[in-house]
Each structure stands twice: as structure tokens, then as C-alpha cells.
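**Q** here is the input, now give the coordinates:
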Amino acid sequence: MLQNPDPADWIHWRRTLDGWGYSPLKAINKQNARNLQLAWVWTLNPGPSEPGPIVHNGTMFVQNPIDGVVALDAATGELLWEYKRNMPPVTTGLIMMRSMAIYDDKVYLNTHDAHIVALDARTGKVAWDHQVADHDKLGYGYTSGPIVVKGKIVAGIGGCEKYKNDVCFISAHDPQTGEELWRISTVARPGEPGGDTWGDLPLLQRTGSDAWIPGSFDPATNLIYWSTSQAKPWSQAQRGDLGARELYTNSTLAINPETGKLVWYHQFIPGDSYDQDEVFENVLVDHQGRSSLFKMGKLGILWEIDRKTGDFIAAHDIGYQTLYKLNRATGELSFLPETQPRLNSEVQYCPSASGFKDWRSMAYHPQTRAFYIPLNIHCNVVKFREAQEPKEEGTGGYGDFTSVRAFHPSNPAGLGEFLAIDVNGEILWRHRTETPMNSAALTTGGGLAIVGDWDRHLYVHDAVTGEVLFQTRLGASVQGFPITYAVRGKQYLAVPTAMIDLGGWSSMTRLLPQKKRPSGGNAIYVFALPGSSDARLK
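**A** Below you'll find the model as predicted:
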């Protein structure tokens with residue numbers, strides 16, 4: 001069931017383990033999307049929120065800030081149960097949660113303080129609560145949920161910006177007990193293979209390479225694909241290892257699910273100095289007879305690599321970034337002369353640390369063979385300074401810097417774009433908006449591509465032409481992961497909204513101060529067509 005979900009369900013973070021973000025349901029389609037109506041709303045707790053609901057057999061499970069879960073009747077919005085974690089008030093740290101997992105009779109919640117909690121899917125009662133890493137002293141934590149692969153709960157840790165004699169990792173756990181089954185480091189330690197790529201930095205200073213976005217799995221290759229973030233502090237000039245590759249930062253790792261052993265890796269950005277994450281979703285698509293893996297990070301480059309070997313295949317730059325020269329034949333990046341890492345002088349470049357693309361996942365449509373990508377088109381002026389604090393355990397972080405955002409020359413009055421680009425790198429269409437796109441993308445068998453923006457708009461597009469077929473304005477920013485599902489023959493579209501996003505578009509408040517949004521509004525809005533059911537689901 002996990003490898004081939006019922007079309008009516010949405011049981012993984014991106015519905016399927018290949019990361020497509022696509023549903024074959026087609027009762028809501030290009031001909032009738034204009035008739036969508038609000039079916040029900042459920043309000044979530046206040047706090048940072050980027051939820052990715054899952055639905056199985058008519059029940060919706062949603063993350064509820066902070067470290068909570070609600071189970072709802074997916075057709076009516078009636079509350080079935082609620083889980084509230086018993087813990088002290090949270091005042092600091094990354095405390096949003098983007099996804100959960102379901103397996104057998106349990107749902108699995110990762111927590112901001114580095115626990116995995118298994119809940120009875122029928123009652124919400126705690127089956128087990130397992131501490132994976134030290135949050136209080138070492139700063140570890142989760143901001144995304146696990147995936148389920150071959151009977152194992154697999155999760156990637158974050159919170160790796162502080163100096164410590166430890167490193168970030170991906171781990172697998174027993175679904176019945178939480179017991180750790182294997183762990184793979186995302187940083188090459190001194191003396192290990194790849195350890196010399198950090199120069200002579202001691203283990204204490206090998207920070208970053210968080211694995212904070214869920215991975216994908218291909219049963220044909222029997223490999224898990226999980227990506228990592230940049231090293232920290234952000235500037236390599238501050239880290240003191242200029243020219244180092246710093247494995248396995250900004251890489252995709254191919255992992256054996258039985259053993260946790262690294263089979264291959266592909267590093268996209270060696271020695272990143274501007275927080276240009278490549279940690280995001282890995283989308284598995286067969287292309288021109290190859291088993292390919294596609295992804296896009298903050299730079300706005302659509303990468304294609306071979307998912308059997310990790311070899312580079314292609315790179316398609318959408319044309320907005322001004323940090324690197326891209327060798328399209330090899331995929332190698334080299335800093336432009338004006339963006340070489342340096343301290344105490346201003347550097348102008350596009351994009352900022354917010355990226356053109358961030359955690360807001362792209363979606364793939366098998367009929368158009370295209371990716372639909374939420375973007376924030378903007379630039380930055382930054383000055384990195386020498387760290388004043390000693391490099392000792394508990395210090396560190398993102399580095400000492402100032403940053404000022406700017407409009408991109410290609411769009412001097414707006415920030416948002418929803419981009420359709422096919423597997424060969426051809427841009428099919430763009431939909432530009434004044435404010436950034438603020439949700440993940442969703443595609444459907446009805447020929448639709450769906451997204452929402454910071455300014456509270458939900459857009460339902462024709463996936464072929466880009467025409468907006470349905471548009472409405474919700475109570476807060478469309479923020480999180482829209483999904484679609486069916487209950488008793490009726491298709492629904494669920495759209496999260498939220499106000500606080502700790503990984504958000506800080507460019508909004510500086511560049512478009514006239515734009516406002518409410519001080520609250522975390523919720524799930526669910527839409528459907530008029531009538532009681534529709535048999536055209538598959």
C-alpha cells in the first residue's frame with residue numbers, strides 16, 4: 001500500500017515515495033474547477049506552521065503547533081481525536097513541523113526536541129516516545145517528519161548549526177519500539193572517507209549538513225535518496241576552510257535501507273558560502289530510458305542525476321541566479337569574480353538566503369512531464385564579518401552578517417512566480433504575482449497545478465497552459481502542503497494557511513511593506529465540488 005497508494009489516499013509527505021506531489025484523482029478537473037466551494041475549515045493552534053496533512057481511509061491527520069496532532073473526519077471536518085504533547089512552553093528554536101508518516105496502525109510525529117512519537121491512529125494514544133538525540137545541550141531537533149521504507153521509520157535530523165563534537169545524521173527506527181536500527185552521518189569526520197574535504201577543521205567545527213527535508217525511496221534500485229543542507233557558519237571565509245568541498249554538505253545521499261550504508265553521493269554545491277541549500281525534495285522520474293533524480297534548490301537550477309549511480313546528467317539554470325558560473329556539460333559551479341567569499345565587504349547577488357526556491361516543494365505531472373515550482377524572485381546585499389566569539393562547544397550558528405533584500409531586475413515590482421518547466425529544461429509558462437509563492441505545489445490527474453501565495457491567494461491552474469481556472473482568498477497566507485484526496489467517491493482539496501514561518505520570506509516586510517496579513521490564521525481549508533459524490537476518481 002505504501003509503494004502504490006490508493007488514489008483516494010494521501011499517505012506520504014508528497015503522496016508517493018518518489019516525491020511527485022501528484023494525485024491521479026480527476027473528479028476536480030479543468031472543466032469544473034471554477035465550481036469549487038468551501039466544504040469545511042479546521043482552525044489549528046497558533047505558532048509556526050507549515051503543515052503537510054496525510055489522509056488514509058477517510059481520516060485526515062494534521063500537525064498542530066507545537067508538537068501536536070489532530071485527527072479529523074476528512075469529509076466533514078469533525079474532530080476524531082487530538083494529541084497534545086506534555087512539555088514545558090517553547091520559546092526558542094525551530095518548532096514548525098512539515099509532515100508526518102503513517103504505517104500499520106500508527107502515525108509517527110517527529111518533534112522539535114528530537115523525539116519520534118508513535119500514536120495509535122484510531123485513538124491518538126501514545127504507543128511510544130523515543131528520544132533520538134540531545135536537544136537541550138546539543139541543539140538537535142526535527143522540522144519535518146519521517147518516511148516509511150521497508151518497515152523502517154527513517155528520519156533526518158536538523159539543528160546542526162552549533163559547534164559540538166558530533167554531527168548531523170539520518171537514522172532508521174523500529175516502528176514498534178522506536179529503537180534505532182542504523183544511523184548514517186551527513187558530515188565526513190576526520191580520518192573517515194571524505195574527511196579531508198573539510199581541510200584541517202576539527203570535528204567540533206564541522207557544523208551544518210542538516211537533513212531537514214524528507215527523503216524519497218525507489219524500490220527498483222532499493223535506495224533511499226536524502227539530501228543535505230549547507231555547512232555553517234554560512235560563509236566559508238568565516239569557517240576558515242576556503243576551497244574545501246565539505247562533504248557531505250549540499251549533497252544527495254543514496255542509502256541502503258537495510259544497512260544504512262552510503263552507496264553513492266552527489267554534491268551539488270561544494271564549499272557553499274551564501275546559504276544556498278540543496279536539501280530539498282528528490283523527485284524520481286524515468287527520462288529518456290534513464291532512472292533519473294531531479295531536484296531544485298535555492299539557486300533555481302533544475303538538476304538531473306542518475307539515481308542508480310549518482311552521475312551528473314544535466315543542469316538547467318532558470319536564469320535568475322548571479323552567484324555562480326554553471327558548466328552545463330559537467331554541472332560544476334564556480335564563483336563569479338564579484339561573489340568570491342570574503343569578509344568585511346559588501347557582496348551583491350541573487351538570491352538571498354531565502355532562495356528562489358525553499359522548502360515549498362515542487363510537483364511533477366506525468367502527462368505534461370513537467371515540474372511546477374513555487375518561487376520567490378529577489379536579490380540581496382550581504383556583508384559577512386569575522387566571528388568575535390571563540391570557536392568552542394555551544395557557540396557557532398549562522399555567522400555574523402548583515403543582509404538587505406532587493407527586487408530582482410527581471411521583476412522590479414514583484415516577488416512571486418509559479419514556474420512550469422519540463423524534464424528537458426524548457427520553460428512552459430510562468431505565473432507572476434506581487435508576493436512570493438508560499439506553499440508547496442500540487443498536481444492532479446484532472447490536469448491541474450495548484451499553489452498559494454503570501455497574500456492569501458489560492459490558485460488552481462491549467463497545468464498545460466498556466467491559465468488560472470479558480471482563485472480565492474483565504475484567511476491567512478497559503479502556507480504548507482496542499483493535498484487532494486477522496487472520501488466515499490467525492491474528491492476534496494485541502495489547503496493549509498498560516499501566519500508565522502520561521503524559514504520565511506523576510507524580503508516581504510522590507511520590499512512590500514504595504515502588504516499585510518493577519519496576526520493569526522493557522523487552519524486547514526477544504527474545498528469540493530457541489531454534490532454528494534463523483535465516480536470519476538481514477
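
**Q** and the nearest residue to residue 395 once chain neighbours are set aside, how many residues sit next to it?
**A** Closest residue in space to residue 395, ignoring its immediate chain neighbours: residue 389 at 4.9 Å, by CB to CB, 6 or more residues apart in numbering. Bear in mind the C-beta positions are built from the backbone N, C-alpha and C, glycine included. As a burial measure, the neighbour count of residue 389 was computed by other CB atoms under 10 Å and equals 11.

**Q** tell me how far the helix or strand bottoming out on mean pLDDT in the chain lies from the chain's centre.
**A** Every helix and strand of the chain was ranked by mean pLDDT, DSSP states H and E. The lowest is helix 507-511, at a mean of 77. Computed by CA atoms, centre = their mean, to the nearest Å, the chain-centroid distance of helix 507-511 equals 22 Å.

**Q** tell me where this structure has helices.
**A** 236-239, 507-511 (DSSP state H).

**Q** as CSV, those with mean neighbour count and distance to residue 260 would be great.
**A** Listed next are those as CSV, based on neighbours: other CB atoms under 10 Å; distance: least, CB to CB, whole Å:
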stretch, mean neighbour count, distance to residue 260
helix 236-239, 22, 28
helix 507-511, 18, 39
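
**Q** residue 79 is nearest to which of these?
**A** Nearest to residue 79, of all the helices of the chain, is helix 507-511, at 33.0 Å by CB to CB.

**Q** helices or strands up against the closest one?
**A** Applying 3 or more CB pairs under 8 Å, 6 or more residues apart in numbering; DSSP states H and E, we find helix 507-511 packed against strand 400-407.

**Q** what about residue 334, how many residues nearby?
**A** 11.

**Q** and what of the one 3 residues further on?
**A** Using other CB under 10 Å as the criterion, residue 337 is surrounded by 7 other residues.

**Q** please tell me how far the residue minimising distance to the centre of the chain sits from residue 254.
**A** The residue lying closest to the centre of the chain (CA atoms, centre = their mean) is residue 359, at 3.4 Å. According to CB to CB, to the nearest Å, residue 359 stands 22 Å off from residue 254.

**Q** repeat for residue 182
**A** With CB to CB as the criterion, residue 182 and residue 254 are 15 Å apart.

**Q** who has more neighbours, the two?
**A** More crowded of residue 182 and residue 254, by other CB under 10 Å: residue 254, with 25 against 18.

**Q** that one contacts residue 222, correct?
**A** No - between residue 254 and residue 222 there is no contact under CB atoms under 8 Å: 10.0 Å.

**Q** what's across from the closest residue to residue 246 other than its chain neighbours in the sheet?
**A** In space, not counting the residues next to it along the chain, residue 246 is nearest to residue 231; the distance is 4.7 Å by CB to CB, 6+ apart. Note on residue 231: beta-bridge partners residue 208, judged by DSSP bridges.

**Q** so residue 231 touches residue 201, yeah?
**A** No - contact criterion CB under 8 Å: residue 231 and residue 201 do not qualify, at 9.4 Å.

**Q** count of residues packed around the closest residue to residue 184 other than its chain neighbours?
**A** Leaving aside its sequence neighbours, residue 184 sits nearest to residue 260 (CB to CB, 6+ apart; 4.8 Å). A count of neighbours around residue 260, defined by other CB under 10 Å, yields 19.

**Q** please list all residues in contact with residue 260.
**A** Going by CB atoms under 8 Å, 6 or more residues apart in numbering, residue 260 touches 170-172, 181-184.

**Q** circling back to that earlier point, dump the helices of the chain into CSV; add distance to residue 188 as well.
**A** Compiled in CSV, these are given as follows (distance: least, CB to CB, whole Å):
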stretch, distance to residue 188
helix 236-239, 15
helix 507-511, 34
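
**Q** so which of these gets nearest residue 158?
**A** Per CB to CB, nearest to residue 158 of the helices of the chain: helix 236-239, 18.7 Å.

**Q** distance from the chain centre to the closest one, please.
**A** 26 Å.

**Q** average model confidence for it?
**A** For helix 236-239, mean pLDDT rounds to 92.

**Q** circling back to that earlier point, which phi and psi does the residue nearest to residue 395 have?
**A** The phi/psi pair for residue 389 (degrees, to the nearest 10) reads phi -80, psi 150.

**Q** neighbour count: residue 231 and residue 201, which is higher?
**A** Between residue 231 and residue 201, counting by other CB under 10 Å, residue 231 is the more crowded of the two (31 against 19).

**Q** can you tell me how far the more buried one sits from residue 197?
**A** Per CB to CB, residue 231 is found 11 Å from residue 197.

**Q** find residues that contact each of those two.
**A** Taking CB under 8 Å, 6+ apart as the criterion, residue 231 and residue 197 both touch residue 246.

**Q** does residue 364 really touch residue 370, like I thought?
**A** Yes - in this structure residue 364 lies within contact range of residue 370 using CB under 8 Å: 7.4 Å.

**Q** which residue packs closest to residue 471, ignoring adjacent ones?
**A** That would be residue 459: by CB to CB, 6+ apart, it lies 5.5 Å from residue 471.

**Q** what's the neighbour count on the one you found?
**A** 21.

**Q** now swap in residue 390 and tell me
**A** 7.

**Q** same question, residue 73
**A** By other CB under 10 Å, neighbour count at residue 73 equals 15.

**Q** quick check: bridge partners of it?
**A** residue 59.

**Q** for residue 67, see how far away it is.
**A** Distance, residue 73 to residue 67, by CB to CB: 23 Å.

**Q** please apply the same query to residue 266.
**A** When residue 266 is compared with residue 67 (using CB to CB), they lie 33 Å apart.

**Q** quick one: contacts for the closest residue to residue 297 other than its chain neighbours?
**A** Nearest residue to residue 297, sequence neighbours excluded (CB to CB, 6+ apart): residue 278, at 3.8 Å. By CB under 8 Å, 6+ apart, the contact set of residue 278 is 227-229, 250-252, 268-269, 295, 297-298, 303.
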